[in-house]
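Enquirer: Make a model of this:
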Amino acid sequence: MKGGKAPILYKYNNESKSLLEWSKIYNIPKYMIYYRLREGWDMEKALNTPVTRTTKKYTYQDKTTTLSGWASIIDMNVKTMQSYIKNGWTISQIVESAKCPISITMNGKTINTNLLDMSKVVMLTPMNLKGRLDDYIEYL
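Expert: Sure thing, here's the model as predicted:
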């Protein structure tokens, strides 16, 4: 008993148990049973409907895969991609910025990289870096 309160018991098949107990028996997260009941499901349906996880898929140039699939294709951290998506980026923008080649020559040494990696070095988003480079090239 947490905080001295007795748990709420839910009856199913003439047995009364807490949501935690039912979740362990049916291998369904406690919160899932709670939300199903809150949505008006009966106990039988809440306990016997399998939990399905849907993973969002992203398409770029006729290729469709998950975010983690794209992360491995373009060699980027999944959490970084999630952050870009959360900030309004499309999968096209992320993949294009990872593919955009940049060649920089300084003191006779040339570095070949891409927009995404260079943006990390200069601490700008790839789109901000691209904008600045485009502005600089127009200025020349």
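
Enquirer: contacts and neighbour counts: CA atoms only from here.
Expert: Fine.

Enquirer: Quickly find the element holding residue 5.
Expert: For residue 5, there is no helix or strand it lies in under DSSP states H and E.

Enquirer: Which helix in this protein has the most residues?
Expert: helix 126-139 (DSSP state H).

Enquirer: Show me the helices in this protein, by range?
Expert: Along the chain, counting by DSSP H, helices occupy 19-26, 30-38, 43-48, 67-74, 78-86, 91-99, 115-122, 126-139.

Enquirer: so the last one versus helix 115-122, what angle?
Expert: Using axes from the mean of the first three to the mean of the last three C-alpha atoms, to 10 degrees, one finds that helix 126-139 and helix 115-122 are set 90 degrees apart in direction.

Enquirer: For helix 126-139, output the C-alpha coordinates as PDB.
Expert: Only the C-alpha atoms of helix 126-139 are listed here, as PDB (Å, rounded to 0.1, in the frame of the first residue of the first chain):
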ATOM      1  CA  PRO A 126      22.500  22.700 -41.100                       C
ATOM      2  CA  MET A 127      19.800  25.000 -42.600                       C
ATOM      3  CA  ASN A 128      21.400  28.100 -41.000                       C
ATOM      4  CA  LEU A 129      24.800  27.100 -42.200                       C
ATOM      5  CA  LYS A 130      23.500  26.500 -45.700                       C
ATOM      6  CA  GLY A 131      21.900  29.900 -45.700                       C
ATOM      7  CA  ARG A 132      25.100  31.600 -44.500                       C
ATOM      8  CA  LEU A 133      27.100  29.800 -47.200                       C
ATOM      9  CA  ASP A 134      24.600  30.700 -49.900                       C
ATOM     10  CA  ASP A 135      24.700  34.400 -48.800                       C
ATOM     11  CA  TYR A 136      28.500  34.300 -48.800                       C
ATOM     12  CA  ILE A 137      28.700  32.800 -52.300                       C
ATOM     13  CA  GLU A 138      26.200  35.400 -53.600                       C
ATOM     14  CA  TYR A 139      28.400  38.100 -52.000                       C
END
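
Enquirer: Good, we can wrap up now.
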